[in-house]
Each structure stands twice: as C-alpha cells, then as structure tokens.
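J.: coords please:
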Amino acid sequence: MSEATDIRAMNIQYRGPHDTEKQEDVSSDDGRVRTGHLWTATSHVITAVIGAGVLSLPWSVAQLGWLIGTPVLLAFSWVTYYTAVLLAECYRSPHPVTGTRNYKYRDAVKAILGGYKVSLCMWAQYSNLYGCLIGYTITAATSMMAIKKALCFHEHGKDSPCQISGNPYMIIFGVSELILSQLPSLEEISWLSVVAAAMSFSYSSIGLGLSIAKVAGRNHLSGTLMGVPVAKLSPAKKTWYVFQALGNMAFSYSFSTVLIEIQDTLKSPPPENKTMKKATRMGLSVTTVFYMSIGLIGYGAFGNDAPGNMLTGFGFYEPFWLLDIGNLCIAIHIVGAYQVFAQPVFAVIEDWIGDRWKRSGFVHKVYTIKFPFGGSVRLTMCRLVLRSSIVVSTILIAMLMPFFNDIMGFIGAMAFWPLTVYFPVEMYIVQTSIKSWSPKWISLQLLSLICFLISLVAAIGSVAGITIALKHASIFNMKY
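T.: Numbers count the residues shown, from 1 in each chain. Presented below is the predicted three-dimensional model:
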C-alpha cells in the first residue's frame, strides 16, 4: 500500500536524498536532523576500510619480505590517518567548526580550491566508487561460489571437478542490493555498517586463527627477509609484483572517498571534525592491528607461496565448515560495504537531477511504502528507477568482465594519490593559510610527492596485470 504526497506541499526544498526523509525535530544549522555519533562513524570507517582485500595482504607481504613489508604496512596506516585528519578539518569552510558545511567531498574541493580541480576530484572519486561496486560484486560472487565448491568437494570428494558459474551468485547479490539501495542515506543504514564491521572481524579472525594454527603446527615462521626471490620469477615479473604489492597496501587503508559523507551524518555538539577525527583514529587503529596480524602471520604461515586469497590457501577441504563460515562473512560484509560506497554515487546524481528538474513530479513526488509488519520507507520514482539502474549496471559489468578486479587495481592506483593525499593536503594548506616554502608546507608537499610516485608505480603494475588477464578472460563466463 502506498501513499503519495507532493513534496512541494510539504514546503521542503529538494537537495537530495538526505533532505526529504526527516522533517520533524529540526535542530541543525541547515534544517536537517543528523543522528550519527562516534560509534556509527567508527563502524562506517571500519566497514569502508576493511574489505575482502585484507585476505590478500599475506601475498603483498610475500612480494616485499619481512624487511620491507612490515614497515610499509605501518607507514600506509599512518599516511591514511594523517591525511584523513586533514580532510576532516575541511568538512566546514572557511572555519572547521563554524564555517559552511560541505556535504560531499567535491563540495569541499569546490569551496576551498575551485577551478579545474573540482572536475578532477569528481572523476577520481566517483569512478573509484563505481569501480568498487563492480569489484564488490565479483568478490561477493567469488565467496558464495567458494562455499558451493567446498560443499561439492565434501559431498563428492576432492577429485570431483565441481565447476561453479558465478553469474547466478552475482544475480543473488544484485537482488539484495536492489532492495537495500532504496534506503535513503548512510544515516539509514548505520545498522548495516555495524553488521558488516562484525562480519569483517569474523572472517579476518578465521583467517588469522587458521594461520596461527598452521604456524604452530610447524613451530617456525616461513618467509624471507626480501620476499619472493628473483630466481623464482623473472626480474620483470618480480618488479610488477612489488609494484602491485605497494599499491595493494596503500589502497587497503583508504576510505577518503566517503569520509566527508560519513562526517555529514554526525550530530553536533561536539563539533563534527572532533568526532570524525576520533572515529578515524579508533577505526584505523582497529584495522591496523588486524592488517598487521593477518599480513604478517599469514605470511609466516604460507611464506613466499602465500596465495592471493588467504582463505583459499587452506584448500576447500577441512575444516570446510569453518572456511564456509569465513566466506559467508565476506559476502555479508560486502553487502554492507556496497551500500557505504553506493550512497554517495546515488546522492550526487539525484542532486543533479533534482536541481535540473525542480518541478517534475517524477523526481520530487514522495511515496510512503508501509510494510505489513511495521515500518515504512519513503522514496520517489526517480530514486527507484535511478538506483535500480545503477545496481543493475554494476552486475552486468561484473558479468561482462569477471577480471575487473585487475582493472580496479588500476582505478585504485589512479585515485589513491588525488583523493587520499593531494586534495586533503592542498585543502588543508588553503584552509589553515600555511605559507609556501615554510617547513610544514615543504613536509606536506614531500608527503604528496612520495604518494604520487607510489600511485604511479602501482598503476604500472596494474596495467601489467590487466594485460595478462585479458589473455585468459572470457566475458559472461566466470568460473571457479
């Protein structure tokens, strides 16, 4: 049963998906109720940062070895935290506490930097977010396929071929996202982030526990100081793998693409920048402990033969039930992570459509859908069609290019430097009026330059990976 209401009759100015949902108890300076707090922001951070990519960290450490891999993991954690703190100061401008709100990352860039940098920011942010949605679809399907394959081996024996197609699992995942995508904003899915964060801890803990058991069974750590020796690979391949490993570690901590959007869910007082910096510190502290544990202990378990996915390194056999639980947790986590990354994409397109067609009933008329067992959801036909189309497009591209994770590595490499480092540094310099060639200005520019070089070499490594994947890939034919 639906109840139609004209949004113009409610005297609400349309700004996007956030503004049409709560009209009562208005208390913030822009007439919008915000319900987020420290713990919801922390769960959003953890959900955005910890992805299934954590299971590839032992492989990344294997390319660099104990000597380089350990400090590099710590260094990227610090870089991400430091630049996230700078970015949190730019949610309001020109003053971080009393200034005008910037609702999205691009709004902050536009208000503080302006010019062509706004277009560069939008390209980097939204191509990265959309690419993540496709990558998440492939990863979720892979996890569900792994469960099916493990059950097949357990039932028919390990010599059974057990070929599994990924297309049905992508469709299952897509249906769940079609439903969840109709929830209006990040504030409405904070519960989903909490569940997703719990799932990320679960599968990470399973991988960590199995690695500890493997190390304990041998009574020693595997691995070498410099990682996989050149003699085992060609010099060119070793170079590409090192580049990819650096990129994987750098991207694994990054969440700047959604930081401003997360901060925009926070109520105040206390000031949003204070809460966001504390949530960032708590979220990244937790993820760093997990990353260091899984990356290093996983490498100690597998040595230079560490697989790209740590859970698959234990095979599909025993304990098959525990591995199935781990893969199920990955799939559930990605359901939540998909929404954390999708909501900013939905919002920017809906804002643009709303501003362009201000009198369209298709865009602005709000429908309240009441559920039989209580609760309701408010939506417009524009939201229903637009969000459904975006979700369907990610599923189709994932089916078309099941090797998209290699392409995602390239997108991540291109987006890491501008979004995680360059824009936060440049905005902070302008916001706080740091003088050119002062010691702090030089240190910030040096940090930006180093991260640019890392992005560059990671992009080169990703291009090499794409070239190899293209030789073996088949469209609409994901097999596991």
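J.: Ramachandran coordinates for the residue nearest to Trp59 when sequence neighbours are not counted?
T.: With sequence-adjacent residues excluded and distances taken as Cβ to Cβ, 6 or more residues apart in numbering, Trp59 is closest to Ala306, at 4.7 Å. (C-beta placed from N, C-alpha, C; glycine too.) Dihedral angles of Ala306 (phi, psi; degrees, to the nearest 10) stand at phi -60, psi 130.
J.: shift numbering so it begins at 51
T.: Right, with 51 as the first residue, what we last looked at is Ala356.
J.: check contacts around the nearest residue to Pro468 once chain neighbours are set aside.
T.: Among residues not flanking Pro468 along the chain, Ala174 sits closest, at 4.7 Å (Cβ to Cβ, 6+ apart). By Cβ atoms under 8 Å, 6 or more residues apart in numbering, the contact set of Ala174 is 464-465, 468-469.
J.: Now with 6 Å, please.
T.: Ala174 makes contact with 465, 468-469, according to Cβ atoms under 6 Å, 6 or more residues apart in numbering.
J.: Likewise for Ala161?
T.: 143, 152.
J.: Now do it against Leu271, distance only.
T.: 50 Å (Cβ to Cβ, to the nearest Å).
J.: Please name every helix or strand in contact with whichever strand or helix holds Gln495.
T.: Secondary structure from DSSP states H and E places Gln495 in helix 489-522. The contact analysis (3 or more Cβ pairs under 6 Å, 6 or more residues apart in numbering; DSSP states H and E) places helix 489-522 against helix 285-302, helix 454-465.
J.: repeat that with 10 Å
T.: helix 107-138, helix 285-302, helix 454-465, helix 473-481 (3 or more Cβ pairs under 10 Å, 6 or more residues apart in numbering; DSSP states H and E).
J.: still on that earlier bit, dump the residue contacts of the residue nearest to Trp109.
T.: Neighbour list for Ala356: 106-113, 261, 272-273, 277-278, 345, 348-350, 363 [criterion: Cβ atoms under 10 Å, 6 or more residues apart in numbering].
J.: circling back: how much space separates the residue nearest to Pro468 from Met194?
T.: For Ala174 relative to Met194 (Cβ to Cβ), the value is 31 Å.
J.: and the helices and strands packed on helix 489-522, which one is worst for confidence?
T.: Sorting the helices and strands packed on helix 489-522 by mean pLDDT places helix 454-465 lowest, at a mean of 70.
J.: any idea how far the residue nearest to Trp109 is from Tyr291?
T.: 11 Å.
J.: Next, show the common contact partners of these two.
T.: 109-110, 112-113, 277-278.
J.: Can you list the low-confidence ranges for the chain?
T.: For the chain, the stretches flagged by pLDDT under 70 are 51-81, 101-103, 235-240, 361-368, 424-425, 452-458, 523-530.
J.: Next secondary structure after the lengthiest helix in it?
T.: What stands out as the longest helix in the chain, according to DSSP state H, is helix 166-206. Sequence order places helix 217-230 as the next helix or strand after helix 166-206, per DSSP H and E.
J.: Without its sequence neighbours, what residue ends up closest to Gln294?
T.: In space, and not counting its chain neighbours, Gln294 is closest to Gly511: 4.0 Å by Cβ to Cβ, 6+ apart.
J.: ditto for Leu372
T.: Spatially, and ignoring its direct neighbours in sequence, Leu372 is nearest to Ile256 (6.1 Å; Cβ to Cβ, 6+ apart).
J.: Could you report the neighbour count for that neighbour?
T.: 22 (other Cβ atoms under 10 Å).
J.: Pretty sure it sits against Leu373.
T.: Yes - counting by Cβ atoms under 10 Å, Ile256 touches Leu373, with 7.6 Å between them.
J.: follow-up on the earlier one: any idea which of the shared contacts of Ala356 and Tyr291 is closest to Leu136?
T.: Nearest to Leu136, judged by Cβ to Cβ, of the shared contacts of Ala356 and Tyr291 is Ser110 at 25.8 Å.
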